[in-house]
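>>> Any chance you can model this:
(2 chains)
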Protein chains: 2
Amino acid sequence: MRWTEIDNMTCSIARALSVVGDCWTLLILRELFSRSRRFDEFQAQLRLSPYILSERLNKLIKHGVVRRRKYQDRPVRYEYRLTEKGLELYPLLLALLRWGDKWMAAETGPPVRLYHASCGHEMTPELVCSECGSRLHPRDVRPEYDPATAARRAAAVAKART
Amino acid sequence: MRWTEIDNMTCSIARALSVVGDCWTLLILRELFSRSRRFDEFQAQLRLSPYILSERLNKLIKHGVVRRRKYQDRPVRYEYRLTEKGLELYPLLLALLRWGDKWMAAETGPPVRLYHASCGHEMTPELVCSECGSRLHPRDVRPEYDPATAARRAAAVAKART
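A predicted model of the protein is given here:
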């Protein structure tokens, strides 16, 4: 399968990756969540080529993750903001941040700390069950496929083993 | 900057991406969390070339995310399992799943539902503050850089604008 076919897969993870499954894209999103808004800010923080940056921003705009807004007329200048769809990528970025902090940490410790404005404390994000509120561990969560997906997955393995 | 230099960046997100910032890698992780363990299972579900699959698995092993275990002697066969470091990527996969379910959904609805074994309910994962337990929204979280990182970020923008 080619990667460009991925967004036709039924899997939501694959579909999500067809939009955000690229390192530069995720670092641009990191910048947007860090309150960077301008092309030259992204470029300065990420040191990537204008071509790659503009290509990635356009893809995010096309998918409705980012919107471009003119903030000056002469000369014309634009800024980039997360849409609602983009803001909802926050758990993804936090998951990368936390895992990186814990498992890939620099000797100097985490370079960024998070403060929760609502309660005023330094905090770490935690993943909990929407129903009982307790912390989620992978062994406690059972995925259940819809019948069509379950059948297709079983058939794929059966076919490979014949 | 080249992508191969990324793991030297101080940013934990960038460091995490240097290990898992690749679509095939994330789909292999999806399979591991879906209880797939064998090379031919990954290949059957993902339809990717043995070369790419083996290259990605080796990278995950090298970084301690996956371990390889011999489960049969004649012929020799191996299975792949998540390590503790790998299991802790669960929030990342759930974040992709949820976002894909909500924003990139197929017409037939989400192909997988999650059940929490501890409480027995179908559930959605939620991200909460470790201190006050309330749901996290990006606008409520203030990132604070360590002084060296803050200075470097300010200098990067200043330099780009001179």
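>>> Secondary structure of residue A:67: a helix, I assume?
No - going by DSSP: H, G, I helix; E, B strand; the rest coil, the assignment for residue A:67 is strand, not a helix.
>>> Quick one: find the helix or strand in chain A with the lowest mean pLDDT.
When the helices and strands of chain A are scored by mean pLDDT, DSSP states H and E, helix A:147-161 comes last with a mean of 86.
>>> For that helix, which helices and strands make contact with it?
Using 3 or more Cβ pairs under 8 Å, 6 or more residues apart in numbering or on different chains; DSSP states H and E, the elements in contact with helix A:147-161 are helix B:39-46. For every residue, glycine as well, the C-beta is placed using N, CA and C.
>>> and after the helix it packs on, which helix or strand comes next?
Next in sequence after helix B:39-46, counting helices and strands by DSSP states H and E, comes helix B:50-62.
>>> show me where chain A has helices.
Listed in chain order, the helices of chain A (DSSP state H) span A:12-20, A:23-33, A:39-46, A:50-62, A:84-87, A:90-103, A:147-161.
>>> Span of stretch A:61-75 from start to end?
22 Å (Cα to Cα, to the nearest Å).
>>> starting at the chain centroid, how far to that stretch?
Chain-centre distance of stretch A:61-75: 20 Å, with Cα atoms, centre = their mean, to the nearest Å.
>>> So which residues make contact with the least confident helix or strand of chain A?
A:10, A:145, B:40-41, B:43-45, B:108, B:111-112 (Cβ atoms under 8 Å, 6 or more residues apart in numbering or on different chains).
>>> for chain A, which spans come out with low pLDDT?
Filtered on pLDDT under 70, chain A yields the residue ranges A:1-10.
>>> Could you chop it up by domain?
If you go by automatic domain parsing, the domain ranges for chain A are A:1-88, A:94-162.
>>> and the ones you listed as a markdown table, adding mean neighbour count and distance to residue B:18?
Shown next, in a markdown table, are the domains of chain A (neighbours: other Cβ atoms under 10 Å in any protein chain shown; distance: least, Cβ to Cβ, whole Å):
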| stretch | mean neighbour count | distance to residue B:18 |
| --- | --- | --- |
| domain A:1-88 | 17 | 8 |
| domain A:94-162 | 16 | 8 |
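>>> Reformat those as JSON lines; add distance to residue B:72.
Output for the domains of chain A, formatted as JSON lines (distance: least, Cβ to Cβ, whole Å):
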{"stretch": "domain A:1-88", "distance to residue B:72": "28"}
{"stretch": "domain A:94-162", "distance to residue B:72": "14"}
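>>> Minimum distance to residue B:96: which of these has it?
Minimum separation from residue B:96 across those (Cβ to Cβ) falls at domain A:1-88, 4.5 Å.
>>> Is that closest one in proximity to chain B?
Yes - interface with chain B: domain A:1-88 contributes A:1, A:3, A:6-7, A:10-24, A:26-27, A:30, A:33-34, A:40-41, A:43-48, A:82, A:85, A:87-88 (Cβ under 8 Å from any Cβ of the partner chain).
>>> quick revisit: the domains of chain A: which one's closest to residue B:65?
Here domain A:94-162 is closest among those (Cβ to Cβ), at 8.5 Å.
>>> now the closest one, how far from the centre of its chain.
When C-alpha coordinates are averaged (Cα atoms, centre = their mean), domain A:94-162 and its chain have centres 13 Å apart.
>>> Quote the end-to-end distance of that domain.
End-to-end distance for domain A:94-162: 42 Å, by Cα to Cα.
>>> One more: stretch A:132-143?
With Cα to Cα as the measure, stretch A:132-143 spans 17 Å from end to end.
>>> again with stretch A:131-151
Terminal residues of stretch A:131-151 are spaced 29 Å apart (Cα to Cα).
>>> go on, stretch A:69-85?
Taking Cα to Cα, stretch A:69-85 runs 16 Å from one end to the other.
>>> again, but for stretch A:130-138
With Cα to Cα as the measure, stretch A:130-138 spans 15 Å from end to end.
>>> what about it, near chain B?
Yes - counting by Cβ under 8 Å from any Cβ, chain B has neighbours in stretch A:130-138: A:130-134, A:136-138.
>>> who touches that stretch?
Under the criterion Cβ under 8 Å, 6+ apart, residues A:126-129, B:33, B:82, B:87, B:90-91, B:94, B:116, B:118-119, B:121-126, B:133 lie in contact with stretch A:130-138.
>>> In a markdown table: the helices of chain A, plus distance to residue B:54.
Output for those, formatted as a markdown table (distance: least, Cβ to Cβ, whole Å):
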| stretch | distance to residue B:54 |
| --- | --- |
| helix A:12-20 | 20 |
| helix A:23-33 | 21 |
| helix A:39-46 | 31 |
| helix A:50-62 | 28 |
| helix A:84-87 | 35 |
| helix A:90-103 | 23 |
| helix A:147-161 | 15 |
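>>> ok so, going back, next, give me the two most distant ones among the contacts of helix A:147-161.
Counting by Cβ to Cβ, the most remote pair of these is B:40 and B:108, 27.7 Å apart.
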